[in-house]
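Novice: Generate a structure from the sequence data that follows.
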Amino acid sequence: MHEQPTDLRETVRRRYAAAALQITEGGAGCCGPQDIEAGDGFGSALYTPGDRDALPAEAVAASLGCGNPTAVADLREGERVLDLGSGGGIDVLLSARRVGPTGKAYGLDMTEEMLALALSNTAKAGVTNAEFLKGTIEAVPLPSHTVDVVISNCVINLSTDKPAVFAEIFRVLVPGGRIGLTDVVADDGLAPEQRAERGDHVGCIAGALSFAEYRRGLEAAGFTGIEISPTHPVADGMHSAVVRAVKPGAVEGAGHAAG
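Specialist: Numbers count the residues shown, from 1 in each chain. As a prediction, the model looks like this:
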């Protein structure tokens, strides 16, 4: 029996709202929704001790991703970065510190409870160059050509309309902008039904694209320089992967961060 896209989105929202409330109400020792069965492939252990120690415990506890996109995005001073599915804010706060006071980090999430947790964590961390937006990753509430970098941590696989997500990422990036994502990606030989057998949609498994599907999706949106590199297994034939790509059109010698 297959859930409809709207049902899946609501299931995702409820799951992550519950995770946020668990942390807000004193469960900062939790490591995410109990139904995620991929063990050490997810969570705050994928960040360095230096990153974890620099942030509020609640931001670290709310990390439910499959990697550390801030470590692969090569963020630079003065850049503007957008985190899709920002959750408790760990990647936004790390990004804000990397881009410095002349840069800015945006976080986008559809879950009120996670946004509230992220704002609380931002205040505790004393970060002033971060902004959180409510919305979906299929319809980003930012103008075109707003950011230099888009990051995301194990969120795109949760979308039921990935072409829309890739198109929105392309739209909000400046010419020459880039992506540095971590996501769950399936071996090309695994059919969607086989992916679903390995874990549920909300647990970041059933909705994953294959390597070839991911590449085709990014190419269709207009990206070039696509690299998809597996980092560690999260289920049989399923991998956490680093995804990099570029939006063509940079003007040589120009750039928001050049100043």
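Novice: just the helices in the stretch 1-150 of the chain please.
Specialist: 5-24, 49-53, 57-61, 69-72, 90-99, 112-125 (DSSP state H, counting those that start in this stretch).
Novice: worst average pLDDT in the ones you listed?
Specialist: Note on the helices of the stretch 1-150 of the chain: helix 57-61 shows the lowest mean pLDDT, a mean of 48.
Novice: Roughly how far does the residue lying closest to G180 once chain neighbours are set aside sit from A212?
Specialist: With sequence-adjacent residues excluded and distances taken as C-beta to C-beta, 6 or more residues apart in numbering, G180 is closest to A73, at 2.8 Å. Placement of C-beta: from N, CA and C, glycine included. Using C-beta to C-beta, to the nearest Å, A73 is found at 23 Å from A212.
Novice: So for those two, which sits in the more crowded spot?
Specialist: A73 (27 against 13; other C-beta atoms under 10 Å).
Novice: Enumerate every residue touching that one.
Specialist: Taking C-beta atoms under 8 Å, 6 or more residues apart in numbering, we find A73 in contact with 81, 95, 149, 151, 178-180.
Novice: and with 10 Å instead?
Specialist: 79, 81, 83, 91, 94-95, 98, 148-152, 178-182, 242, 244 (C-beta atoms under 10 Å, 6 or more residues apart in numbering).
Novice: what do you get for L209?
Specialist: L209 is in contact with 156-157, 162, 183-186, 192, 195, 215-218, 228, counting by C-beta under 10 Å, 6+ apart.
Novice: And for N129?
Specialist: By C-beta under 10 Å, 6+ apart, N129 lies in contact with 80, 92, 95-97, 99-105, 122.
Novice: could I get the contacts of L209 as a markdown table with secondary structure?
Specialist: Below are the contacts of L209 laid out as a markdown table (DSSP: H, G, I helix; E, B strand; the rest coil):
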| residue | secondary structure |
| --- | --- |
| I156 | helix |
| N157 | helix |
| K162 | helix |
| D183 | strand |
| V184 | strand |
| V185 | strand |
| A186 | strand |
| P192 | helix |
| R195 | helix |
| R215 | helix |
| R216 | helix |
| G217 | helix |
| L218 | helix |
| I228 | strand |
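Novice: For P163, what are phi and psi?
Specialist: phi -60, psi -40 (degrees, to the nearest 10).
Novice: nearest spatial neighbour of it, skipping sequence neighbours?
Specialist: Excluding the flanking residues, the one nearest P163 by C-beta to C-beta, 6+ apart is G217, at 6.2 Å.
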